[in-house]
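Peer 1: turn this into a model:
(chains A and B)
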Amino acid sequence: METKHFSEADLLETYYMQPSEATPIIEHVNNCNQCQDRYRRLAQKLRDAASCPAEKPATFWARQRLMIMRAVDHARERSRSNVRTARVAAAALLAFMLGGAVVYKSVEPALKAPATVVVKQTTPALPSNDDLQVPRDPWQSDELKDFGAVVQWESWVPESESSRL
Amino acid sequence: MGSVAAFRVTQINASTPTDSELIARTLGGDGGAFALLVDRFQRKIYRVAYAIVRDDVEADTIAQDTFIQAYTHLAKFQGRSEFETWLTRIAINRSRDSLRRRRFVSLFTGDEDDETREGWIEPVDERPDPEREIMAHQLRIAIERAERKLSTQQKVIFRLRHYEDRSLEEIANLLGLRSGTVRAHLFRAIHKIRKELAEWVTAKEEASNGNETL
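Peer 2: Numbering: from 1, shown residues only, chains lettered A, B, ... in the order given. Sure, this is the predicted structure:
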């Protein structure tokens, strides 16, 4: 009876999928020398192909480390600056709130005083004296009336009218 | 004699602080402690990034970004996982973003989302078996060509499995996925590329072994 061997594709899948010992392919590979040999060679090839191409020199790692630490220093500096800004902002906010509280305390009694009820008067208010005493001629005011004779000559009032006055 | 040995052990312990000690010192403002963490993990992180993006310069940038991001979010690290796992997760996320960006750019430029490396010759050093080395190189190119058919997620999972030799459980842990989901993604990825790879492997095998039956 001819034994059915598995294809390379099946062996490849077996290699990657980590099947348990109970699968038909693994069972066959364990019992068939030919397939076992093929599987071993395939696995070796895949492992060779997967190996890292070249090890980096020490300078590569040193440069990478330097770049990382430089970026980290920048991040740290930025973080410190942010903390400083946040502290200043918090202090300003606190000062504003405290100031507000102090001002509020000082005006609080006035705010809490009972509101005065203004009763509207039904009688119309009399016009004040200021409204009635509009000076017709500024030279007739108390302050300037003594100087009337001095400035009369340059007054714009016509002669006829000034004599009448 | 015993006291000398004890002293040496103490000295070694004192000179090699644990990750959590270094993290605590970094959070306390000790920049040198973080430099030690970088020195400790930079190779592994670079390797993971390189495994996924397959580009030297990009992997270097991702490794740097990973550490900078880790530093700025260090206070959020709660220690539920290993620091190395946490860093690796950041690196994988960054690498995945990079692959997605590359794919997005390729939509407009019309280029392949992964660089073609067929003309790229790796520095081959003096190995005992140069033929095997050349074959590995050719297989690497074939794998990279086959990977172009994969989605970003499939590519990340396949590359972690292939280049980093991570188990499915490890990949699931790193990606924050269920093991079954990772298995399904990997299964689909392998089905997409297995034909091309298997044909290549068979053809080369036949060529190298002459008439030997596979």
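
Peer 1: so where's chain B shaky on pLDDT?
Peer 2: B:1-15, B:110-129, B:198-214 (pLDDT under 70).

Peer 1: and it, split by domain according to the record?
Peer 2: Split into domains by automatic domain parsing, chain B comes to B:17-113, B:116-214.

Peer 1: want to throw those into a markdown table with distance to chain A and mean neighbour count?
Peer 2: All C-beta spots, glycine's among them, are computed from the backbone N, C-alpha and C. Shown next, in a markdown table, are these (distance: least, Cβ to the nearest Cβ, whole Å; neighbours: other Cβ atoms under 10 Å in any protein chain shown):
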| stretch | distance to chain A | mean neighbour count |
| --- | --- | --- |
| domain B:17-113 | 5 | 17 |
| domain B:116-214 | 4 | 16 |
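
Peer 1: for chain A, longest helix please?
Peer 2: Ranked by residue count under DSSP state H, the longest helix found in chain A is helix A:58-112.

Peer 1: let me see the mean pLDDT of it.
Peer 2: Helix A:58-112 shows a mean pLDDT of 89.

Peer 1: also stretch A:9-23?
Peer 2: Mean pLDDT, stretch A:9-23: 80.

Peer 1: that one and chain B, any residue contact?
Peer 2: Yes - contact of stretch A:9-23 with chain B (Cβ under 8 Å from any Cβ of the partner chain) involves A:Ala9, A:Leu11, A:Leu12, A:Glu13, A:Tyr16, A:Met17, A:Gln18.

Peer 1: then stretch A:86-96?
Peer 2: No - Stretch A:86-96 lies out of reach of chain B by Cβ under 8 Å from any Cβ, never closer than 15.8 Å.

Peer 1: sorry, back to before: now for the longest helix of chain A, which elements pack on it?
Peer 2: helix B:31-53, helix B:56-72 (3 or more Cβ pairs under 8 Å, 6 or more residues apart in numbering or on different chains; DSSP states H and E).

Peer 1: nearest residue to A:Lys45 in space, ignoring adjacent ones along the chain?
Peer 2: B:Leu139 (5.7 Å; Cβ to Cβ, 6 or more residues apart in numbering or on different chains).

Peer 1: typed the wrong thing, it's B:Glu21
Peer 2: Closest to B:Glu21 by Cβ to Cβ, 6+ apart is B:Ala33, at 7.9 Å.

Peer 1: now that neighbour: how far from B:Pro17?
Peer 2: Using Cβ to Cβ, to the nearest Å, B:Ala33 is found at 8 Å from B:Pro17.

Peer 1: shared neighbours, these two?
Peer 2: Common neighbours of B:Ala33 and B:Pro17, using Cβ atoms under 8 Å, 6 or more residues apart in numbering or on different chains, are B:Arg25.

Peer 1: got the angle for the longest helix of chain A vs helix B:56-72?
Peer 2: Here helix A:58-112 runs at an angle of 40 degrees relative to helix B:56-72 (axes from the mean of the first three to the mean of the last three Cα atoms, to 10 degrees).

Peer 1: helix B:31-53 and helix A:58-112, what's the angle between them?
Peer 2: Using the same axes, to 10 degrees: helix A:58-112 against helix B:31-53 is 110 degrees.

Peer 1: state the distance from B:Phe83 to B:Lys44.
Peer 2: 11 Å.

Peer 1: any idea how chain A splits into domains?
Peer 2: According to automatic domain parsing, the domains of chain A span A:8-50, A:55-105.

Peer 1: could you dump those into CSV and include mean neighbour count?
Peer 2: Formatted as CSV, the domains of chain A follow (neighbours: other Cβ atoms under 10 Å in any protein chain shown):
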stretch, mean neighbour count
domain A:8-50, 16
domain A:55-105, 12
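
Peer 1: by contact count, what packs against the helix or strand in which the residue nearest to A:Lys45 is found?
Peer 2: For B:Leu139, the element it lies in under DSSP states H and E is helix B:130-147. Counting contacts by 3+ Cβ pairs under 8 Å, 6+ apart, helix B:130-147 packs against helix A:33-50, helix B:152-162, helix B:179-209.

Peer 1: dump these into a markdown table; add distance to B:Phe67 as well.
Peer 2: A markdown table is the format used below for the helices and strands packed on helix B:130-147 (distance: least, Cβ to Cβ, whole Å):
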| stretch | distance to B:Phe67 |
| --- | --- |
| helix A:33-50 | 25 |
| helix B:152-162 | 20 |
| helix B:179-209 | 26 |
